[in-house]
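**Student:** here is the input, now give the coordinates:
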Amino acid sequence: MLVPLWPCYSSAPQPVQGVLNSPDSAELPSISAAAMVLRDPNATDAARSVAADTLVTSAAHSPASLAEITDMLGQSVLGNSAGRFILAAIAKQADAADTLLPVLRGRLRAAGVEELPRLLSALGSIRTPQAAGVLLDFCGPSAEPAVSEAAFAALRRLTARTEMPSDVVAWAEWLRQREHLSTDAWRSMLLPFVAGRADRLAEERAGITLKLTDALRTLHLATPAEQRATLLAAWLRDPLPQVRDLGLELVSRQMASGEQFGPEIGQAAISLLTRPEARVRASAAVLVRQLAPDQAEPALIAALKQESDPAVAADLLLAASRWPSADIVEAALRWLGPQSPARTAAVETLLRMFRAGMLSTRDQGRVLLKLRDIPLEALSPPGCVLRAHLGDDSDREILVPLLASASPAARAAVAQSLAEYEGYAGRIVAAARNDASLMAASTKAALLWDPTADAFEEIATLPSISAESRRANLMLLARALPANELLTVVTFTTEEPLRQLLLAELISENRTLSERDSADKLGAIARGVMLVATADLERGESAAALNTIDGAPFLKTFIDAGEVDSLYVAALVASGQLDEAREIKAPIEAFLRGLALADEVAHAPQAAAMIESLFGDALSQEHRALLRQVRARATPDEAAEGVTPFYGPPRPPAEAPPPR
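**Tutor:** Reported below is the predicted structural model:
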């Protein structure tokens, strides 16, 4: 237990719950996108670093960003975790937001020895006396040498007092003499030291860069592109740390920009897996994972058998998971213990083995027993997935409370896993009412266990991360509904363009072919055809309406012929196909409907004349007035030439239209 050495600056952390519960809706989309990238273990390191920078730089003014950072740091900060990228982003800040101090201070209490140096390094970017006090607590004789070394280094960076020795008493006295300073005065006091340190570092950096780095970079640029890989491979194998590190940097940078390397870089990376420096082995494991060179699998398995550093083991496990095998399963099981710092990477690796079919029945049982030993709140999202699939109903019931977890990744993992088992759809939907990211899992559960109009209606009321995502999920469910259920959905859906998409799905050719043997379903499709044709006509797309009806020869088997003919006549009149319309027996309302849709169109006067010739005395006074008004719209040229806008020869008024 580390005892605070400077109580004035080591008070208990201030509550941040109020900040975390004050979401700013305007910033959520970009923060959410960055968080999703950070939590994606398959995203590139470059992309995750950019995402971490986005969250860290906005933490000063963004409660949502601070909440995401708090969640990520609440888990492991080793291996390929999101927390590792967050700490790296904080550590490279010149002056990190002091809102991060309570989060880091709280995380330090639960940190393992392997995690402490990274946390302390990040703390050195928060240039406040409170942060200095926290760092001083880790400089005492009770701290591990690596921890105290990291704390002293962070103190020097925070204060820019690089000449100060690694002497806890000297640092405590230096801070005590300045404990009376206000925040502004403290920062003003630091300015000369920061400026002096910056000058000294600039001089040192200039000398080193001039003598070594610049020369090598120049050489790299001057080397023909086809020969650079050979050069970089040689640098990776160089015994001089600065040269080797430059090689790692340039390779990582070029890979982040999308450049592809030949086998020599991969083989050089494999050779670094046996280096004594843990940092180098970890970097090599990342390169091997990205490059997938030949002979990587046996080299990774051999390295895993010898590895004792949890951080390196995490990177090795993630790299080895690209080549599923029984040996990798054994290595992952070794690091799966409840107290293992590499547990998160081990669980993720075992999940990949499970999905690749590499977990035997015996191994599945061994993994499940170890997962059951991990407290529910400490179970990572991949661990939740594994326990759901490897366990029984009792295991899945234990996971249900995580549908309301503070971790978005845990909620999503549990929901997606439980959706594959009967009996959980209702609880997933209930959780989705408070979490837009769970709509996809709710849709999945409905697809598997309840593809009905009622399920569609319920899911349609759920919040979604975006309008596009909502529409995609609903259409996924709609395609699984039988035609009669889908018609029910269409009848209660008023939202456009969703209704148009549903109708298009209802009358699609594939659906017609697959459901034509069921009268109920084909009847529903027929009604959908009428709805689509009606919508086409009302939008003024009469040609589309005609094509829709012509494409469904089964219509009159399920829809009253008079209703079909009336709609068809209206579309014919609206489109100017007056000869065809004249031959179909339909009520005057159908012709007038088409005329109304053809209003102010060139053929409207001819259509009016045709209606007069067909229905004669059957026309009401109101109808006649309307027709005269339309016929009076003959063009000036027609009027000058004495042309009467009249269509077809007159017929006796009492004569009924001939059948179609």
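**Student:** buried residues in stretch 130-149?
**Tutor:** By neighbour count on 16 or more other CB atoms under 10 Å, the buried set for stretch 130-149 is 130-140, 143, 147-149. The C-beta positions use only the backbone N, C-alpha and C, and glycine is treated the same way.
**Student:** out of those, which is nearest to Leu231?
**Tutor:** Glu149 (34.3 Å; CB to CB).
**Student:** quick one: low-confidence ranges for the protein?
**Tutor:** Scanning the chain with the threshold set as pLDDT under 70 gives 1-29, 205-206, 209-210, 599-601, 633-660.
**Student:** what do you get if the cut-off is 50, keeping everything else the same?
**Tutor:** 1-28, 636, 638-660 (pLDDT under 50).
**Student:** hang on, the earlier thing: mind checking which of the buried residues of stretch 130-149 are in strands?
**Tutor:** The strands, defined by DSSP state E, take in nothing from the buried residues of stretch 130-149.
**Student:** what residues are up against Leu487?
**Tutor:** Contacts for Leu487 (CB atoms under 8 Å, 6 or more residues apart in numbering) come out as Leu506, Ala524, Arg527, Gly528.
**Student:** tell me which two of those sit farthest apart.
**Tutor:** Spatial extent of these (CB to CB) is set by the pair Leu506 and Arg527 at 8.7 Å.
**Student:** more neighbours, these two?
**Tutor:** Leu506 (23 against 20; other CB atoms under 10 Å).
**Student:** what's the closest non-adjacent residue to that one?
**Tutor:** Gly528 (3.8 Å; CB to CB, 6 or more residues apart in numbering).
**Student:** helices along the stretch 501-650 of the chain, start to end?
**Tutor:** Using DSSP state H, counting those that start in this stretch, the helices of the stretch 501-650 of the chain run over 509-515, 519-538, 542-550, 555-558, 561-575, 578-582, 588-597, 604-615, 621-631, 636-640.
**Student:** ok, now the stretch 101-250 of the chain?
**Tutor:** Ranges of helices in the stretch 101-250 of the chain, per DSSP H, counting those that start in this stretch, are 101-109, 116-123, 129-137, 145-159, 168-176, 183-208, 214-222, 225-236, 241-256.
**Student:** do you know which of those lies nearest Cys384?
**Tutor:** That would be helix 101-109 among the helices of the stretch 101-250 of the chain, by CB to CB, at 21.8 Å.
**Student:** any idea of the angle the closest one forms with helix 129-137?
**Tutor:** 10 degrees (axes from the mean of the first three to the mean of the last three CA atoms, to 10 degrees).
**Student:** what does helix 101-109 contact?
**Tutor:** By CB under 8 Å, 6+ apart, helix 101-109 touches 13-16, 66, 69-70, 73-74, 77, 90, 116, 119-120, 122-123, 126, 128, 130-131, 134, 138.
**Student:** from the residues you listed, list just the buried residues.
**Tutor:** 13, 16, 66, 69-70, 73-74, 77, 90, 116, 119-120, 122-123, 126, 128, 130-131, 134, 138.
**Student:** wait, the residue nearest to Leu506 sits on Arg511?
**Tutor:** No - at 9.1 Å, Gly528 does not count as touching Arg511 under the criterion of CB atoms under 8 Å.
**Student:** joint contacts of these two?
**Tutor:** Shared contacts of Gly528 and Arg511, defined by CB under 8 Å, 6+ apart, comprise Ala483.
**Student:** which one of these two has more residues nearby?
**Tutor:** The neighbour count for Gly528 versus Arg511, taken as other CB under 10 Å, is higher for Gly528 (25 against 21).
**Student:** what residues does that one make contact with?
**Tutor:** Gly528 touches Ala483, Leu486, Leu487, Val490, Leu503, Leu506, Ile507, counting by CB under 8 Å, 6+ apart.
**Student:** what number of residues lie near Ile428?
**Tutor:** If you count neighbours by other CB under 10 Å, Ile428 ends up with 25.
**Student:** quick one: it and Ser405, what's the gap?
**Tutor:** Going from Ile428 to Ser405 by CB to CB, to the nearest Å gives 13 Å.
**Student:** again with Ser49
**Tutor:** The value you get for Ser49 to Ser405, if CB to CB is used, is 26 Å.
**Student:** so for the two, which sits in the more crowded spot?
**Tutor:** Shown here are Ser49 and Ser405; by other CB under 10 Å, Ser405 has more neighbours (22 against 18).
**Student:** that one and Tyr421, how far apart?
**Tutor:** With CB to CB as the criterion, Ser405 and Tyr421 are 18 Å apart.
**Student:** before we move on, what about Leu462?
**Tutor:** Note on Leu462: its distance to Tyr421, by CB to CB, is 20 Å.
**Student:** higher neighbour count, the two?
**Tutor:** Counted by other CB under 10 Å, Leu462 and Tyr421 do not tie: Leu462 has more neighbours, with 20 against 15.
**Student:** what strand or helix carries the more buried one?
**Tutor:** Counting by DSSP states H and E, no helix or strand carries Leu462.
**Student:** what distance do you get for it to Gly74?
**Tutor:** Distance from Leu462 to Gly74, counting by CB to CB: 27 Å.
**Student:** got it, and Leu120?
**Tutor:** Relative to Gly74, Leu120 is positioned 18 Å away (CB to CB).
**Student:** likewise for Leu116?
**Tutor:** Counting by CB to CB, the gap from Leu116 to Gly74 is 16 Å.
**Student:** and what of Val489?
**Tutor:** Taken as CB to CB, the span from Val489 to Gly74 is 41 Å.
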